[in-house]
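Visitor: Sequence and computational prediction follow.
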Amino acid sequence: MWIIIAILTAVGLICGVLIWITNKTLPKEPASLAKAQEVSEHLPGMNCGACGYPGCFAYAQALSKDKKVFFSNVCATVLQDNTMLGGIEKSLDLVVDKNAMNKKAVVCCSGDCEKIGTYVGVGTCKSASKILKGFKKCPFGCLGLGDCTHVCPQNAISIDVDRKIAVIDPDKCTGCGLCVKECPRNIIKLIPADSKVVFRCSYDSVRDIPGREKCESGCIHCRKCFKACENDAIIWNKEKQIPEFDLSKCIDCGACIEACPKNVLTKLRVDNSKKEKVLSK
Amino acid sequence: MNGTNKENITENNAENNVLDDSKVSDTTVGAAKDNIIVRDNNFISQSPHIWRGISSAKIMYIFLASLIFPSVAAVYFFGLRAFWVMLASTATAVLVELIIKKARKKRFKMDGSALITGLLLALTLPPRIPIWMVVIGAAFSIALAKEVFGGLGHNIFNPALAGRAFLAICFPTFMTQWYLPGNYGVDAVTSASPLSENFIFQGTNMALYRDMFFGNTAGSIGETSAMLIILAGILLIAFRIIDWKIPLVYVATVVIMSLIFGEDILFQVMAGGLLFGAVFMATDYVTSPVTGLGRIIFAVGCGLITFLIRRFGAMPEGVCFSILVMNGFTPLIDRYIRPKPFGYMKPQKAKQAK
Amino acid sequence: MVSEKKTGFGTKILSNKIYPIVFLSIIVFVAVLLLMLVNSFTQTKILAEREAKVTTVLQKIYPDMNDFELKEDIYIILKDGDVIGYSIIAVGKGYGGDINTIVGLDKDYLVKEISVLSNTETPGLGTKILETFFTDQFKGLEPQDVKLSKDGGKIDAISGATISSRAVTDSVREAMEEKLEIIKSNNY
Amino acid sequence: MIEKQERLTAKKFWQELAKGIVITNPVFVLVLGLCPTLAVSNSLNNALGMSAGVIFVLLGSNIIISLLRKITPNLVRIPVFIVVIATFVTILSLVFEAYLPPLYESLGIYLPLIVVNCIILGRAEVFASKNSVTLSIADAFGVGFGFTIALIIVAFFRELLGTGGLEVFGKQLFSIPVLAESPMSIFIMPPGAFIVLGLLLAFFRMIGVLKHE
Amino acid sequence: MSEAGPSLITIFIGMVLVNNLILAKFLGLCPFFGVSKKITNALSMGAAVTLVMLIASIATTLIYRFILVPFKVEFMNIIIYILVIASLVQIVELFIKRTNITLYNSLGIYLPLITTNCAVLGVTLINAQENYTMLQSIVSALGGGIGFTLMLIIMSAIRERLEFADTPKSMRGLPIAFIIAAILSLAYMGFSGLI
Amino acid sequence: MTIKRVKFTSGLKLPENKVTEHMPVARLELPSKVILPLQQHFGQQCNLLVKKGEKVRTGQLIADSDSFISAPIHSTITGVVSSVFKMINPLANSIVDAAEITASEEEELDFQSVNPVLEDIRKELGSLRENGEIENYLSGKIKELFDKINSIENEEIIASIKNAGIVGLGGAAFPTHVKLRPPEDKKIDSIIINGCECEPYITADHRIMLEYGMQMLIGAYIFYKVLNPEKVYIAIEDNKEDAIINIDSLIAKSGLADNFCVVSLKSKYPMGAEKTLIKNVLKRKVPMGGLPMDVGVVVNNVGTCKAACDAILKGQPLIEKIISVTGAVANPGNFIVRIGTPVSEILKCCGEFRSEIREIILGGPMMGNDINEENFPVTKAVNCILIKKGLPRNEGNCIRCGRCVNICPMNLLPLNYVNFVKNSKFEMCKEYYISSCIECGSCAYVCPSAIPIVAYIKTGKSILAGK
Ligand SMILES: Cc1cc2nc3c(=O)[nH]c(=O)nc-3n(C[C@H](O)[C@H](O)[C@H](O)COP(=O)(O)O)c2cc1C
Ligand SMILES: Cc1cc2nc3c(=O)[nH]c(=O)nc-3n(C[C@H](O)[C@H](O)[C@H](O)COP(=O)(O)O)c2cc1C
Ligand SMILES: Cc1cc2nc3c(=O)[nH]c(=O)nc-3n(C[C@H](O)[C@H](O)[C@H](O)COP(=O)(O)O)c2cc1C
Ligand SMILES: Cc1cc2nc3c(=O)[nH]c(=O)nc-3n(C[C@H](O)[C@H](O)[C@H](O)CO)c2cc1C
Ligand code: SF4
Ligand code: SF4
Ligand code: SF4
Ligand code: SF4
Ligand code: FES
């Protein structure tokens, strides 16, 4: 009996020796990998790709090579989550000013405008915008076919069926920017999360397109908001003929919102109780 | 990512854009741009602006029409009983599809594919199978082999065959009881199907072939008459509903294998469900490859496996299983068998050229 | 994880280069030792179980048997030291896999009873070979009669399960033919 | 981290237990240990036997591995764990063979295969090698019971549909008239196992117990 | 080979088609469902499993024939087999990790899973159970590996296509994979009796 | 007879609907205004050279660009630049600058200088009003004409063609002068004159070949002279038998039979597409991503030839072109229209729509682009205005019938693009060579599930291009 025990133990010994030898003879794994492994533990692991890398681990590898990547390609989910952010800060030895980087996406279009005809085709904004710049009179307005809703990892975007435009819930949005890339009309913009007023129109410099004049719900460049603001928080952009906001001066008084005759200015959190979620995931 | 939503949108959009003649509003805008007319009744769409107009549903119904041949033969050979089997199967298939579509809040479109599935399933069953089993089989076909995948066009496996295989494994006793055509009575005697172990035919080979050609043998209710199936197949090919490659290559493979292994060729071709499967089931668009070469590979695979099972396997018949097995290979074939695009050059060659 | 802990004595061993090998060997050694111990406890019981199983089957076929002997895969059934029959194991290839059948022969080399020990046939179809209406057909048959009626013998196949029926029948016949020769020539 | 967790409260123990059963149910949530789940769930009997075996092995290996966790070198971690697990499995199989031969036969090759049941090694890797003995025990029981419950659910449907009735320890609980005569034998065969588990997973997702992908 | 037994071709066809590890024997299901989302991953996983299976079969057959049987300690097979397999996987993992980091990333957590892949241990146990010779064991391992890889590839191709399908939400991912496995297994039952 | 007949070809048999086939080309009266987008060609947008309010004459250069791949734009009527604005170019789906010119009473011509050797021909041509007379005059002097053309420097011809703003009139509007200047290492051995006109409805090219055959042939000769190939093929589909015979006899008459020949092709769609055309005529395959000149071929449309003839002989820039107006209108026909004429002005002459719900398509039904209102101008690339009853499509699930795969002239797998684009897998599109698609529309035409496959493909392509 002892013989067999000895033999079997020897088998174990051989196995151990083999592993040991393999370990010794093969080149050591690069240190960056271990670091990446560590970093990736603080990442959300959703592999959403919003950071611009194919997946969280790829992002982690990039981060472990150069921590500045965190600022150029920020992962918005990490930014929202204190424990993850803390972990990243610690493992990468970084200091992150969260507020400065925190963004919200807003749809810069405030409503349905007339249609130029009956669009019959593929029901995505990308396709619809390929033909005559979209079937809405405004060649810049939201088409409301919801391409953006599909990419949002937070399910923050829904389609307002009344106005036929996309609406983003600022409370859910993490500012990852995926929707910005998705929208073929480039009307989703990332604005600082502490913005008070949102200018919801994209119809700026290009004007006077016959048959495609600016829509009923868009900015008419009347400058009333500019005049209404008593704190100089609005700067009038002469070239584009639109208002711009100086956050530090805005006191959230709402005067400009009141003043706008076209309701193009709104608060970041609009009352969307009427909104019906139809097209979100 | 999300096919569901997109479909919704398209539908939605179509509804939003209903053609409403009352909305024809001529609006004249602007001075410099006088007589610009914006009309709601203007269509805008991408090219092409014309369409051949043979819809999927039309194809399905033509296919269904060709199935009348074996169906009528089934009633002729096996009596009303065969009719009830067919009715139960089709009705269940359509009903289950309707229920699932409703439960998923999707539009139910009567496009005939469920009818085909139901009818084809029925035609592959033995004539005296209890009706409740037919119902289970048809429900399985539609629910677990078609609709779970997303419905028409998305399924991987041929629903009718999956249903048949399910029944064959579930209720082997019932699925292996064959009857000779003609005796409709309650106490009809079982008989062996030509491919069965204990099939003994008293008579000349010629008589056997004749019986098999016209359909006077035991077998599944739709598969017995070689003549009608060939006729339907020729019609389907002529109307360009099915691709000639699959049935022809399938049968040819079996013929070649029979030659190699010294089997009776005519018998192999006409016995069992080979013709039926080759014409009606292997040709299902959804579950077979889309390219010509892919289809040939698919058909050769079907033929080889059918022969393998018939000759070496325990099952007397291999058509059902072989098509199902090849259905499994279809995505792989489609992935790797692709036509070379027009003017394709190997990457290095292209570089050299530049 | 391990090397981080720096606690006096342990560190030396734990950070030793060949420690993993030693550790693994020790674990294997302990495990093997343990198993040998357990085995020595259970072995007798297992062997007893196995024998009991055979005995129960044989007992069923030969109710009055009280002992048996195993020679060249043939169970020689004894009653008070007298031979009252022979039992052999037949292995046939069925629909799902091997079918093991024990064949009980009486002193005159005729089938006394057969009993299927294990099979992997389709439940409800192939497994009908377990039922008495099938096995009873074998009683009193000589080897040459143990054939399906289709093949010219005296056994009716189970409809829908010809393969299973044939597997049992043919394996029983073949086993009988082979072993009877041995029995006769050795005069067990 | 480890130090903190060692200051264990009774609450934590129960938490781990519950987590194993529901939140990280090994079969339905983690989708591990599929082979035994599918292979032996063709009857309630087998399912119960298997579950008992798995709980035993899980418990034993979790305890030992948790004890060894500080002195196990990383390089041979997996071989060591697996040897520990295999020891328990072998003990189990010897005991089953000696005392429960019928069960031993019907579990067949899947009894030794407990050793590679992903659940067990998974727990060893993820939990026992990082946590104290007490917590590991809780984890073993939690996961073990989770496994048992899953197995019973699957086996329930398979046996019911596949044989037309239910039978536990030789007692016929009940049977369905028509099905019992011609049972849908597919359900005790491999395809049926896949179907049942697939539909169960979908069902749990549908009623919101499990997360969608 | 002095012992009789099923011919090599029978063993091979049996392992690939008739008693396919995944569809008929329920072995190796975790990686089967886990690594079958992309064809490329499926291929490398299949190759890795086949390799490990082959080496493990050779090693374990040697151990079985020359240690366990002579000393009558066949019951030790589980522990020794798994030890050998685990060590092998460890070596393979180390090897891939140190030489081809991209492959390692794509196989990710599934590499260690080969250890706990029932399929590998299953094949070695089957070899022991059927008392296969060395050559038979090798063929059986090869067949098992090829059958496993084949199923993995088929499954991944199907799942890649289903990515575009309008599958009900609750069926997406694993549930539908189970249904596919069910129908595949149904289809491959047609091969029964080939051996 | 030098007709080469190509019998067996794959492709799609479309319902032809060429109702205007036998309607002679009519000259439309001058429009009251024209709208000239500053990008009517493939390439760089031009810069406007005139100011708002400035007076311009017919043929006066009003926009040009420095870029090589570009073509200048000329005023097509005499009048005042009444406004400059942005508009949507339906062909490229882009926003471009445009100038609107309001006509004044009198038409004044401002044609470019013509090479001295052709001066007298121009004078004589100027005195002819009827097109028939011009044709007769030209065929009478054809030998002399060729000699004169031969004596002009290649560079000068190319420059004239460039200055005339000539672009391909076959649809792509690729600047013709670029094609006439192949890189040194590419030897052009064949020219194909594309008179296929494979799209349904359109008959403009057909009428050109019947009524302007001589001018077209002279244009072809000019290309022949510049590129000096071995052979010039004039490819015509066999549904235009009269054009085949006409051109053949003209070739014989002009004594060009050695180097020119007519190729009669089966009437299959998309025969006219460059790549399929070259394959059918010469059995050469343009490599993927390559150009016709990679296989030593230049393809030009018959209209382009006529325009070249006009430019060289008359010094007339590209200010007018022949288009078909057809479909659901009361009086369809073929017309010579000034470029920039708003669609509404043309439609006025063609009577009421016969259909309430309609699409206005610039181009043929297979590849044309929709416009939403009738103020869009006819640009250089437009060869047909088609009014059609709108066709609501009920997109269904792809049933993988493989019809699109069978029909695709580029051997692609169109059904996959639909899946990829639907699921945002644009990288996969690349893997399946989406850029090889010529957007011919055959696949969408045959698809039984009425999937607008081309719309998906266009989406995928433009996303990949980063637009
Ligand atoms: C799922 C399935 C399981 C079967 N199982 C068995 C079986 O266990 N035993 C058997 O002899 N035949 C079985 N068969 C049937 C055989 O394939 C074959 O039909 C039968 O042996 C012919 O017998 P018969 O001539 O008595 O009808 C099964 C068939 C199917 C479809
Ligand atoms: C980027 C680009 C460069 C081209 N360069 C040349 C050229 O140098 N010579 C030439 O003969 N054609 C050239 N072409 C024109 C094409 O060969 C072709 O005539 C044009 O795209 C219109 O063809 P279509 O109407 O079939 O699309 C070029 C086209 C493109 C897109
Ligand atoms: C699908 C398709 C169909 C076409 N059909 C024609 C045609 O019928 N006639 C034609 O002249 N050009 C046709 N073209 C354009 C030709 O490919 C090519 O661009 C043209 O003949 C080049 O001559 P151009 O530069 O003078 O226009 C077609 C292009 C495509 C992509
Ligand atoms: C030519 C043709 C063959 C078909 N064959 C089958 C078939 O064998 N089985 C089936 O269930 N449906 C068949 N159908 C119907 C339909 O395609 C099938 O239900 C799809 O698989 C459902 O997605 C067929 C349809 C056509 C047009
Ligand atoms: S905001 Fe969203 S719905 Fe609106 S156009 Fe952009 S992608 Fe489409
Ligand atoms: S709304 Fe846009 S930015 Fe915000 S989370 Fe969703 S995708 Fe990201
Ligand atoms: S894929 Fe492109 S080239 Fe092919 S048929 Fe469709 S549109 Fe034509
Ligand atoms: S023609 Fe339409 S239905 Fe047929 S395969 Fe192509 S896309 Fe699918
Ligand atoms: S339990 Fe078998 S692989 Fe996981």
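Guide: Right, received. Where do you want to start? Residues are numbered from 1 along each chain as shown, chains lettered A, B, ... in the order given. Ligands and ions are numbered 1, 2, ... in the order given.
Visitor: Spell out the residue ranges of the strands in the stretch 201-350 of chain F.
Guide: Ranges of strands within the stretch 201-350 of chain F are F:231-237, F:260-265, F:297-301, F:320-327, F:333-338, based on DSSP state E, counting those that start in this stretch.
Visitor: In chain E, what residue comes closest to ligand 7?
Guide: Scanning chain E for proximity to ligand 7 using CB to the nearest ligand atom identifies E:Phe164 as nearest, at 17.2 Å. C-betas here are computed from N, CA, C, even on glycine.
Visitor: how many neighbours does that residue have?
Guide: Here the neighbour count serves as a burial measure; for E:Phe164 (other CB atoms under 10 Å in any protein chain shown) it reads 21.
Visitor: what residues are up against the residue lying closest to D:Glu16 once chain neighbours are set aside?
Guide: Taking CB to CB, 6 or more residues apart in numbering or on different chains, and ignoring the residues beside it in sequence, D:Glu16 has D:Ala138 as its nearest neighbour in space, at 3.9 Å. With CB atoms under 8 Å, 6 or more residues apart in numbering or on different chains as the criterion, the residues that contact D:Ala138 are D:12-14, D:16-17, D:20.
Visitor: In ChimeraX, how would I select just the buried ones from the residues you listed?
Guide: With 16 or more other CB atoms under 10 Å in any protein chain shown as the burial test, the buried ones among those are selected in ChimeraX as follows:
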select /D:13,16,17,20
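Visitor: Helices - which of the contacts of D:Ala138 land there?
Guide: Restricting the contacts of D:Ala138 to those inside helices, with DSSP state H as the criterion, leaves D:12-14, D:16-17.
Visitor: Closest one to F:Ala307 out of these, please.
Guide: Distances from these to F:Ala307 were compared by CB to CB; the smallest belongs to D:Glu16, at 83.8 Å.
Visitor: Would you state the strands of the stretch 51-200 of chain B in chain order?
Guide: Counting by DSSP E, counting those that start in this stretch, one finds strands in the stretch 51-200 of chain B at the ranges B:178-179, B:190-191.
Visitor: mind listing what the first one pairs with, with the direction of each?
Guide: In other words, strand B:178-179. The strands beside strand B:178-179 in its sheet (DSSP bridges) come out as strand B:190-191 (antiparallel).
Visitor: returning to what we had before: and of the ones in helices among the contacts of D:Ala138, the nearest to ligand 6?
Guide: Within those, the smallest distance to ligand 6 is 34.1 Å, found for D:Glu16 (CB to the nearest ligand atom).
Visitor: looking at the strands of the stretch 51-200 of chain B, which has the lowest confidence?
Guide: Per-segment mean pLDDT for these reaches its minimum on strand B:190-191, at a mean of 66.
Visitor: For D:Gly162, which residues are in contact?
Guide: With contact set as CB under 8 Å, 6+ apart, D:Gly162 has these partners: C:123, D:42, D:183-189, D:192.
Visitor: Which strands or helices does the top helix by length along chain C pack on?
Guide: Selection of the longest helix in chain C by residue count, based on DSSP H, yields helix C:19-61. In this structure, helix C:19-61 makes packing contacts with helix A:2-25, strand C:67-71, strand C:74-79, strand C:82-93, strand C:98-106, strand C:111-118, helix D:77-99, helix E:77-99, judged by 3 or more CB pairs under 8 Å, 6 or more residues apart in numbering or on different chains; DSSP states H and E.
Visitor: nearest to B:Leu248, of the ones you listed?
Guide: In terms of CB to CB, the element of the helices and strands packed on helix C:19-61 nearest to B:Leu248 is strand C:82-93, at 37.1 Å.
Visitor: Contacts made by the closest one with the rest, please.
Guide: Taking CB under 8 Å, 6+ apart as the criterion, the residues outside strand C:82-93 that touch it are C:58, C:61-62, C:64-65, C:68, C:73-78, C:98-107, C:109, C:112, C:117, C:167-168, C:170-172, C:174-176, C:179, C:183, C:188.
Visitor: so how far is that strand from its chain's centroid?
Guide: Relative to the mean C-alpha coordinate of its chain, strand C:82-93 is positioned 12 Å out (CA atoms, centre = their mean, to the nearest Å).
Visitor: If any of the contacts of strand C:82-93 are buried, put those into a PyMOL selection.
Guide: To isolate the buried ones among the contacts of strand C:82-93 in PyMOL, judged by 16+ other CB under 10 Å, type:
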select buried, chain C and resi 58+61+62+65+68+74+75+76+77+78+99+100+101+102+103+104+105+106+109+112+167+168+170+171+172+175+176+179+183
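Visitor: all helices for the chain, in order.
Guide: Looking at chain A here, since you left the chain open. According to DSSP H, the helices that chain A contains are A:2-25, A:31-40, A:56-65, A:69-72, A:76-80, A:82-92, A:98-101, A:125-128, A:147-151, A:178-182, A:224-228, A:255-259.
Visitor: that answer is for a different chain, and I need it for chain D
Guide: Taking DSSP H as the criterion, chain D carries its helices at D:2-6, D:10-18, D:34-39, D:44-68, D:77-99, D:101-107, D:118-123, D:133-163, D:177-181, D:190-206.
Visitor: hmm, the third one in reach of chain C?
Guide: Pointing back at helix D:34-39 there. No - where contact is defined by CB under 8 Å from any CB of the partner chain, no part of helix D:34-39 touches chain C; the two come within 13.5 Å at best.
Visitor: which residue packs closest to the residue in chain C positioned nearest to chain A, ignoring adjacent ones?
Guide: Using CB to the nearest CB, C:Val28 is the residue of chain C that sits closest to chain A, at 2.9 Å. With CB to CB, 6+ apart as the measure, A:Gly12 is the residue that lies nearest to C:Val28, at 2.9 Å, once sequence neighbours are left out.
Visitor: Give me the pLDDT value at that neighbour.
Guide: Per-residue pLDDT puts A:Gly12 at 85.
Visitor: of the ones in helices among the contacts of D:Ala138, closest to B:Leu275?
Guide: The shortest distance between B:Leu275 and any of the ones in helices among the contacts of D:Ala138, using CB to CB, involves D:Leu17 and amounts to 61.6 Å.
Visitor: Give me the nearest residue to that closest one, chain neighbours excluded.
Guide: For D:Leu17, ignoring the flanking residues on the chain, the nearest one in space by CB to CB, 6+ apart is D:Gly142 at 4.1 Å.
Visitor: residue contacts, that neighbour?
Guide: Listed by CB under 8 Å, 6+ apart, the contact set of D:Gly142 reads D:16-21.
Visitor: Check the gap between it and D:Leu135 for me.
Guide: In this structure, D:Gly142 and D:Leu135 are separated by 10 Å, where distance is defined by CB to CB, to the nearest Å.
Visitor: Overlap in contacts, these two.
Guide: Taking CB under 8 Å, 6+ apart as the contact definition, D:Gly142 and D:Leu135 share the neighbouring residues D:Glu16.
Visitor: for chain D, what are the low-confidence residue spans?
Guide: In the prediction, chain D carries residues with pLDDT under 70 at positions D:1-10, D:23-24, D:30, D:208-213.
Visitor: What residues does it have near chain C?
Guide: Where proximity means CB under 8 Å from any CB, the interface of chain D facing chain C comprises D:68, D:70-76, D:79-80, D:83-84, D:86-87, D:90-91, D:94-95, D:97-99, D:101, D:162-163, D:182-183, D:185, D:188.
Visitor: Quick check on those residues: which are buried?
Guide: Neighbour-count burial (16+ other CB under 10 Å) applied to these gives D:68, D:72-73, D:75-76, D:79-80, D:83-84, D:86-87, D:90-91, D:94-95, D:97-98, D:101, D:162-163, D:182-183, D:185, D:188.
Visitor: in chain F, which ranges drop under the pLDDT threshold?
Guide: Judged against pLDDT under 70, the low-scoring parts of chain F cover residues F:1, F:352-357, F:467.
Visitor: Per the annotation, how does it divide into domains?
Guide: Taking automatic domain parsing as the domain assignment, the record places the domains of chain F at F:3-21+F:111-314, F:403-465.
Visitor: Straight-line length of the longest one, end to end?
Guide: Distances were taken as CA to CA, to the nearest Å; on that basis the terminal residues of domain F:3-21+F:111-314 are 31 Å apart.
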